[in-house]
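Novice: Take this sequence and fold it.
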Amino acid sequence: MRTIDVIASARSSAPNRGGAAAAWQVADGRLLPLDRARLIGVLNVTPDSFSDGGALSGVREAVTHARRMLDEGACIIDVGGESVRPGARRVRVREQIARVVPVIRRLRRETDALISIDTTRSGVAEAALAAGADIINDVSAGTEDQRMLPLAARRRTGLILMHRLRPPEADSYSDRYLDEPVYDDVVATVRLYLLKRVEAALRLGIHPAAVVIDPGLGFGKSVSQSYRLIATISELVATGHSVLSAVSRKSFLGAVTGVARPRERVIGSTAVSVVHWLVGVRLFRVHDVAAHREALAVVAAIDRSFDTVPACATMAQSSPGDPDMASENVLEFTDASFDNDVIKSDVPVLVDFWAEWCQPCHMLTPTIEELAGEYKGKVKVGKVDTDANRDISIKYGISAIPTIILFESGKVKKKFVGLTSKDQFQAALDELGT
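Specialist: Below you'll find the predicted structure:
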């Protein structure tokens, strides 16, 4: 198959080429548009990280390296004071703070870059936020410290939630497991876990646009399991949440390339990032910023060559926020009206839970409008803005969008999560005899 055919295939099979969300709410009132690749530069101020431990021994060296990554194209610097490599020793909160806060303070004073704190401890995160950080990157997804998610909600920070099977001290490198980690289905397990952690975050008041999900490649996954997740990351993109690709220099790359030294796994790292770009990922956590910027710039240029109209124009045509484009047959449901309009309805009701910032939601709008016209009088079709109507969204467990629920006689008959075809909706409606 020709290269151009491979790219076209990847584009056509991707549930959302434009990215999981139009923007990431990285801090209170600040949005990072995801109309292009956004690189997160790794800044480990630790003596024992798997790839660059001990390389940055002081604040001056760390800040110099951060500025170099910014010059090369990073827009976020992810600062970590505790290694999460397999077998790493745990670092006390006080020691983590001593490592990261001076670096963050100086970065905030000297640059306008977004800063992320890589920690599982709320005490470290709180000190980092006070020093000028904008984002919390928690590899435990808020499970290690129960105060982490409430902190993110209170401070209205950006939040990265990652899946891992076990903590670092109990883990192994992906290519060194004596017994492969056990999953019934690694893709389904990771997806369900992340959606549950997102739901926990939303219940505390964290905005859906603030949340990024990370499959945790290599964390409690063998080589084959990691590649399975790499190959199916589009299933996470389809949830409507922004997705982070974090493969940089990891052991499963060396397992197939034969490159033993992490620092030399640049080509393998960028290869995976290119694949992830093609299926809609726009956030990349990397060590080698310049190499990723170049690779992703090239694939983005190839990607744009397919388009006959600007992406924003395509999105505007199906935007439910535009009254000229919205179908008169699609109703608006709210927390206040939901009981009368949906639960007490004498006909089935198809409810689209959406948000303005969610690109897959916009992509689904034409299908929803077609169904509203075709089934007029037999089925009510309407939308719920999940940002404006949190009560009903929480009640029905809306942790990923778009989610479409078919109600009959006030009860949930069918639930669809992510981009869904018109045929699937029609099959469900036909089962009701509509």
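
Novice: the helices in the stretch 51-200 of the chain, which residues?
Specialist: 59-72, 93-110, 122-131, 148-155, 186-203 (DSSP state H, counting those that start in this stretch).

Novice: can you check the stretch 251-400 of the chain too?
Specialist: Going by DSSP H, counting those that start in this stretch, the stretch 251-400 of the chain shows helices at 251-257, 266-278, 289-304, 311-317, 338, 359-374, 390-395.

Novice: got a markdown table for the helices of the stretch 51-200 of the chain, with distance to residue 408 and mean pLDDT too?
Specialist: Glycine gets a C-beta too; all of them are placed from N, C-alpha and C. Compiled in a markdown table, the helices of the stretch 51-200 of the chain are given as follows (distance: least, Cβ to Cβ, whole Å; pLDDT from 0 to 100):
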| stretch | distance to residue 408 | mean pLDDT |
| --- | --- | --- |
| helix 59-72 | 54 | 93 |
| helix 93-110 | 52 | 95 |
| helix 122-131 | 44 | 97 |
| helix 148-155 | 35 | 96 |
| helix 186-203 | 24 | 94 |
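
Novice: ok so, going back, figure out which of the helices of the stretch 251-400 of the chain is closest to residue 231.
Specialist: Closest of the helices of the stretch 251-400 of the chain to residue 231 is helix 266-278, at 8.3 Å (criterion: Cβ to Cβ).

Novice: List of residues touching stretch 396-404?
Specialist: 195-196, 198-199, 202, 208, 239-241, 350-355, 358, 360-361, 364, 368, 386, 405, 412, 415-420, 425 (Cβ atoms under 8 Å, 6 or more residues apart in numbering).

Novice: List only buried entries from the residues you listed.
Specialist: Among those, the ones that count as buried by 16 or more other Cβ atoms under 10 Å are 195, 198, 202, 208, 239-241, 350-355, 358, 360-361, 364, 368, 386, 405, 416-420, 425.

Novice: quick one: low-confidence ranges for the stretch 1-150 of the chain?
Specialist: 1-21, 29, 48-57 (pLDDT under 70).

Novice: swap in the stretch 301-434 of the chain?
Specialist: Ranges of the stretch 301-434 of the chain meeting pLDDT under 70: 305-327, 359, 419, 434.

Novice: Try it again at 50.
Specialist: Within the stretch 301-434 of the chain, the stretches with pLDDT under 50 are 307-326.

Novice: What residues are bridge-paired with residue 41?
Specialist: Beta-bridge partners recorded for residue 41 (DSSP bridges): residue 77, residue 286.

Novice: Residue 288 versus that one, what's the distance?
Specialist: Using Cβ to Cβ, to the nearest Å, residue 41 is found at 9 Å from residue 288.

Novice: Equivalent analysis for residue 45, please.
Specialist: Using Cβ to Cβ, residue 45 is found at 18 Å from residue 288.

Novice: Those two: who's more crowded?
Specialist: Between residue 45 and residue 288, residue 45 has the larger neighbour count (other Cβ atoms under 10 Å), namely 27 against 21.

Novice: Thought residue 100 was touching that one, still the case?
Specialist: Yes - under the criterion of Cβ atoms under 8 Å, residue 45 makes contact with residue 100 at 6.1 Å.
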